[in-house]
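Asker: Give the three-dimensional model of this entry:
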Amino acid sequence: MEVTFYQPTHPVLKEYIEGYYFVEKDDSHQPIRYLTFPDNYFIVSACQDVSIAQSKGRVEIMRSPSENMVIDFVSRCSVPTEIFYQQSVNEVTVYFKPLGIYHFFNADKNQDLQQEIHIADFKDIMNGILKESDRKTQIEILENYWLSKFRKKDMILAYAILDDFENELSIEEIAVKNKITRQYVNKISQRYLAKPASEFKKIQRFRNVLISNKKTRNLTELSYENLFYDQSHLIKDFKELTRISPGKFFDHVDTEKNNIWLFI
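Answerer: Sure thing, here's the model as predicted:
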């Protein structure tokens, strides 16, 4: 099974979409199992001719004896998740940047996105893409679809709070800066980002460590560069979000790749 990542080519889409994964079926019947780790993206997948069994921390994908198209939406990935493909399949997965997905669907809170995705024509478009054999054509159809759905929304406060998260302001500082309460910061975070402010910040800090690790492998430096209290704080969060220590994680996961996965 071949997995290929592409970044959007259109400048409008680049602002809101991190990228696309195309998973391509081959003649191999070997199972594939890996761990994927918490992030703050909203993820929409379309998988051809499969059945899927899901539980907290585990997703199992099996080929279906009948033709179908399974659409999966993930708005909150806060624990390490085991992905198990029993056989190779055809799949397209879209990673939306935080808040990005709202510019392509009518929903104005994360609780409504699932329904919006399923009543939209997304499923039909994905079915056509997965039946197309040429990758360039697939990407062209996919990008034209998202461009046809794009509507820039006024989400000033949500974006202001997101910027403050990314600039590592404390929740108290964010509340004061935006002249709102701490409770309202949390309400906006849960409404639009599908998780409490503290959880979003923890995952954002973890992901920043993965980026920083490309420059340094010193845990003490990584700790202070990314505003952990100390090295033990970094180790604690890493074990919670990956199930393993940062040393073992960096030994077994190539953080230079777009897909931060640990094959098991």
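
Asker: any idea where the helices of the protein begin and end?
Answerer: 11-16, 113-119, 122-131, 135-149, 156-166, 171-178, 182-193, 197-212, 219-225, 231-242, 246-252 (DSSP state H).

Asker: Can you list the helices and strands that the shortest one packs against?
Answerer: Pointing back at helix 11-16 there. Packing contacts for helix 11-16, counted by 3 or more CB pairs under 8 Å, 6 or more residues apart in numbering; DSSP states H and E, involve helix 135-149. All C-beta spots, glycine's among them, are computed from the backbone N, C-alpha and C.

Asker: neighbours around residue 202, how many?
Answerer: 17 (other CB atoms under 10 Å).

Asker: Spatially nearest residue to it (excluding sequence neighbours)?
Answerer: Excluding the flanking residues, the one nearest residue 202 by CB to CB, 6 or more residues apart in numbering is residue 237, at 6.2 Å.

Asker: ok, that neighbour - contacts?
Answerer: 202, 205-206, 228 (CB atoms under 8 Å, 6 or more residues apart in numbering).

Asker: quick one, what contacts the most centrally placed residue in the chain?
Answerer: Central residue of the chain (CA atoms, centre = their mean): residue 41, 3.3 Å from the mean position. For residue 41, the contacting residues are 18, 77, 95-98, by CB under 8 Å, 6+ apart.

Asker: I'd like the distance between it and residue 64.
Answerer: Using CB to CB, to the nearest Å, residue 41 is found at 27 Å from residue 64.

Asker: Check residue 140 too.
Answerer: Relative to residue 64, and taking CB to CB, residue 140 is found at 28 Å.

Asker: What of residue 195?
Answerer: 32 Å.

Asker: what's the neighbour count on residue 34?
Answerer: So residue 34, with other CB under 10 Å, has 16 neighbours.

Asker: what's across from it in the sheet?
Answerer: residue 83, residue 263 (DSSP bridges).

Asker: Equivalent analysis for the one 5 residues further on, please.
Answerer: Beta-bridge partners of residue 39, counted by DSSP bridges, are residue 77.

Asker: for it, what are its contacts?
Answerer: Residue 39 neighbours (CB under 8 Å, 6+ apart): 77, 203, 207.

Asker: most neighbours, which of these?
Answerer: residue 203 leads the contacts of residue 39 on contacts (other CB under 10 Å) with 22 neighbours.

Asker: Make TSV out of the contacts of residue 237 and add distance to residue 212 and pLDDT.
Answerer: Listed next are the contacts of residue 237 as TSV, based on distance: CB to CB, whole Å; pLDDT from 0 to 100:
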residue	distance to residue 212	pLDDT
202	16	92
205	10	87
206	11	89
228	11	75
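
Asker: In the stretch 101-250 of the chain, where is pLDDT below threshold?
Answerer: Applying pLDDT under 70 to the stretch 101-250 of the chain flags the ranges 213-217, 224, 227.

Asker: Could you pull out the buried residues of stretch 187-206?
Answerer: Neighbour-count burial for stretch 187-206 flags 188-190, 192-197, 199-206 (criterion: 16 or more other CB atoms under 10 Å).

Asker: and what of stretch 151-160?
Answerer: Buried-residue list, stretch 151-160, by 16+ other CB under 10 Å: 155, 158.

Asker: how far does it sit from the chain's center?
Answerer: Here stretch 151-160 is found 20 Å from its chain centre; the criterion is CA atoms, centre = their mean, to the nearest Å.

Asker: May I have the distance across it, first residue to last?
Answerer: 19 Å (CA to CA, to the nearest Å).

Asker: Over to stretch 103-113?
Answerer: End residues of stretch 103-113 are separated by 11 Å (CA to CA).

Asker: before we move on, what about stretch 2-17?
Answerer: One end of stretch 2-17 to the other measures 22 Å (CA to CA).
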